[in-house]
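Asks: Make a model of this:
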Amino acid sequence: MTESKLDVSIATKSLAQSYRAKAYQLLEGHSGISMVAKSINIFLIILIITNVIAAIFESESNYHEQYLIEFAVFEFISLTIFCIEYFFRFWCCVEAKEYAHLSHSKARVKYVFSPIALIDLIAILPFIIAMFFSVDLRSLRLIRVLRLLKLTHYFKGFNIFISVIAKELKSITAAMMVMIFLIVIAASLMHAIEGKIQPETFGSILRSLWWSVVTMTTVGYGDVVPITPIGKVIATVIMLIGVGLVALPAGMLAARFGEELRERKDNLDSKIKVALSDGYIDQKEYQELARLADKLEIDQEDFQRSITQLKQESHHEKCPHCGK
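Replies: Down below sits the predicted model:
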């Protein structure tokens, strides 16, 4: 009897793990996912976009009053779906390779505080707030618009952008700090020069900051302009400095994007060369390489092109023993 119960327990646990693994593949699968998983992803993408569109139109009082019930029903349905999705992601996150060394409880705690899980939490935040507080959901419109961040689940190219920003964060922060210093200095100079002549716009350093930011970033609205010769000369210098300074972070990011793509391509090529060491790539090796290409955000065309190119190169390599 005891053995029978043990067998049933093991079978139940194995079945739960199987369902959990399937749920993980449906929600977090990569290039080899099934049509069902792709359909789920497309549905969630459409739901996220329509949620944002609904929040935008609902901000117009005429639309809000005319379609009040429809907006409320749609929000309720969306929240229900997002809550179900969050629960399933929380349940099956233990299947992720990065959590394989952790217990299920620790893996789930770590997942809850991960950036991607916090984004999912934002999507259901109106529901959680409504459970404890009596609030008008219209006041939570900003949170609903932030559901756009959930698209990072489905468009993996966002990961490259985040990776580049993280690696260049120190350089970008330094450039931004220099810009802030110059903005404050420019505002102080204009206050000293134009403050008495235009007290409504340059009467204090705080008031001068708007002009300084607009000028330094080369936006130039023209709503506030210096009228003294010295003020115009300083404004010219600030604009010339701003042209180069604003372009600096963009140049850093562009260069880093190129380096990041080359590094990812070299990483994939090195793995392909290892797989080709015996002269061919078997099915298992191909699947692993495809998963790596998907993880590195390298599209299938470039992946296939790399395999073809490296195969041709390997065929032309000479044997170190016989020279053929």
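
Asks: confidence score at Ala16?
Replies: Listed pLDDT for Ala16 reads 61.

Asks: Would you pull up how far stretch 65-78 lies from the middle of the chain?
Replies: Put simply, stretch 65-78 sits 29 Å off its chain's centre (CA atoms, centre = their mean, to the nearest Å).

Asks: what about the helices in this protein?
Replies: 2-28, 35-58, 61-66, 68-92, 104-112, 115-132, 141-145, 157-167, 169-194, 199-202, 205-216, 229-275, 283-295, 300-316 (DSSP state H).

Asks: Domain boundaries for the protein, per the record?
Replies: Per automatic domain parsing, the structural domains of the chain span 2-155, 170-316.

Asks: how about those domains, which one is nearest Phe161?
Replies: Phe161 lies closest, by CB to CB, to one member of those: domain 170-316, at 8.3 Å. Just so you know, the C-beta spots here come from the backbone N, C-alpha and C atoms, and that holds for glycine as well.

Asks: Count residues in the vicinity of Asn159, would you?
Replies: 14 (other CB atoms under 10 Å).

Asks: what's the answer for Glu65, then?
Replies: For Glu65, using other CB under 10 Å, the count is 8.

Asks: try Tyr86
Replies: Count around Tyr86 with other CB under 10 Å applied: 17.

Asks: which residues does the closest residue to it other than its chain neighbours contact?
Replies: In space, and not counting its chain neighbours, Tyr86 is closest to Asp120: 5.0 Å by CB to CB, 6 or more residues apart in numbering. Contacts for Asp120 (CB atoms under 8 Å, 6 or more residues apart in numbering) come out as Phe82, Glu85, Tyr86, Arg89, Lys150.

Asks: Looking at neighbours, which among these is most surrounded?
Replies: Among the contacts of Asp120, Phe82 has the most neighbours (other CB under 10 Å), with 24 neighbours.

Asks: That one and Leu125 touch, don't they?
Replies: No - counting by CB atoms under 8 Å, Phe82 does not reach Leu125; the two are 9.8 Å apart.

Asks: what residues do the two have in common as contacts?
Replies: Contact with both Phe82 and Leu125 is made by no residue, according to CB under 8 Å, 6+ apart.

Asks: got a list of what Leu253 touches?
Replies: Counting by CB under 8 Å, 6+ apart, Leu253 makes contact with Val164, Ile165, Glu168, Ile172.

Asks: pretty sure Ile122 contacts Leu149?
Replies: Yes - with contact defined as CB under 8 Å, Ile122 and Leu149 form a contacting pair (6.7 Å).

Asks: Against Arg147, how distant is the residue nearest to Tyr86?
Replies: 9 Å (CB to CB, to the nearest Å).

Asks: go on, Gly220?
Replies: Taking CB to CB, one finds Gly220 at 35 Å from Arg147.

Asks: cool, Ile193 as well?
Replies: On the measure of CB to CB, Ile193 and Arg147 end up 48 Å apart.

Asks: And for Tyr154?
Replies: Taken as CB to CB, the span from Tyr154 to Arg147 is 12 Å.

Asks: Which one's more surrounded, the two?
Replies: Remark: of Tyr154 and Arg147, Arg147 carries more neighbours, 23 against 12, as counted by other CB under 10 Å.

Asks: what sits against the more buried one?
Replies: The neighbours of Arg147, taking CB under 8 Å, 6+ apart as the test, are Ile48, Asn51, Val52, Phe82, Ile122, Ala123.

Asks: Reformat those residues into a markdown table and put pLDDT and distance to Glu75 next to each item.
Replies: Shown next, in a markdown table, are the contacts of Arg147 (pLDDT from 0 to 100; distance: CB to CB, whole Å):
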| residue | pLDDT | distance to Glu75 |
| --- | --- | --- |
| Ile48 | 90 | 13 |
| Asn51 | 89 | 8 |
| Val52 | 88 | 12 |
| Phe82 | 91 | 10 |
| Ile122 | 83 | 15 |
| Ala123 | 82 | 12 |
